[in-house]
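Engineer: predicted model and sequence follow; I will ask about them next.
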Amino acid sequence: MFISKIISLTLGAIFSVTLLTSCGDKIEVKNDAWSQYEALATKIVNQASTETFNHLALSSEKLTELSMELLPSFVKKQPICEEYINAVIAAQPIMLTLYLDDIERDYHADGKLPVIKDASCYHAKDLLVHPATAVVISKTLEATPETREQLKHEMEEVLEHFNQVKISAGL
């Protein structure tokens with residue numbers, strides 16, 4: 001009985017994965033990348049007060065790379081966001097080199113982005129902008145308790161946006 005239950009669950013999981021990767025209306029990125037993104041953002045939140053800023057910068061940069069995997073798939077599900085998200089994706093290398101005031105003005109406040117057409121686009125954009133801001137914080141500011149809290153707050157916000165994006169993406 002126990003073995004047949006395991007076989008049944010395994011076959012169900014295989015069928016679900018096949019269904020997710022073969023249906024045109026589903027997001028094509030493996031659920032893995034979504035899980036990795038959430039796990040890494042959570043890890044950064046938990047390490048913000050203790051880890052070196054160099055380590056936090058590397059982890060945050062990895063989060064921006066994961067967002068670059070997720071965002072194109074999100075756009076396939078929400079094509080209304082294409083122009084806006086493509087502009088964010090194109091700006092990723094620039095964002096990582098800015099000062100805090102510049103990234104806040106140009107990308108958090110959309111100063112260098114096209115007009116937003118749907119709230120889901122804004123949430124998706126922040127999957128890249130908040131980790132990029134964490135990179136900027138950790139590379140340009142001193143590791144004080146205040147800046148550590150600021151970096152932690154960026155990751156807490158990204159997790160809130162992440163949950164909204166998953167809902168918009170139908171995950």
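Structural biologist: Alright, I've got the coordinates.
Engineer: how near is the residue nearest in space to the middle of the chain to E38?
Structural biologist: Nearest to the geometric centre of the chain sits L127, at 3.2 Å (Cα atoms, centre = their mean). Using Cβ to Cβ, to the nearest Å, L127 is found at 10 Å from E38. C-betas here are computed from N, CA, C, even on glycine.
Engineer: give me the common contacts of these two.
Structural biologist: When contacts are counted by Cβ atoms under 8 Å, 6 or more residues apart in numbering, L127 and E38 have F162 as shared neighbours.
Engineer: check A134 and give its pLDDT.
Structural biologist: A134 is assigned 96 on the pLDDT scale.
Engineer: same question, the one 3 residues further on
Structural biologist: I137 carries a pLDDT value of 95.
Engineer: quick one: neighbours of it, just the number.
Structural biologist: A count of neighbours around I137, defined by other Cβ atoms under 10 Å, yields 24.
Engineer: excluding its backbone neighbours, what's nearest it?
Structural biologist: L151 (4.9 Å; Cβ to Cβ, 6 or more residues apart in numbering).
Engineer: how about Y99?
Structural biologist: Y99's closest residue in space is T140 (Cβ to Cβ, 6+ apart), at 6.2 Å.
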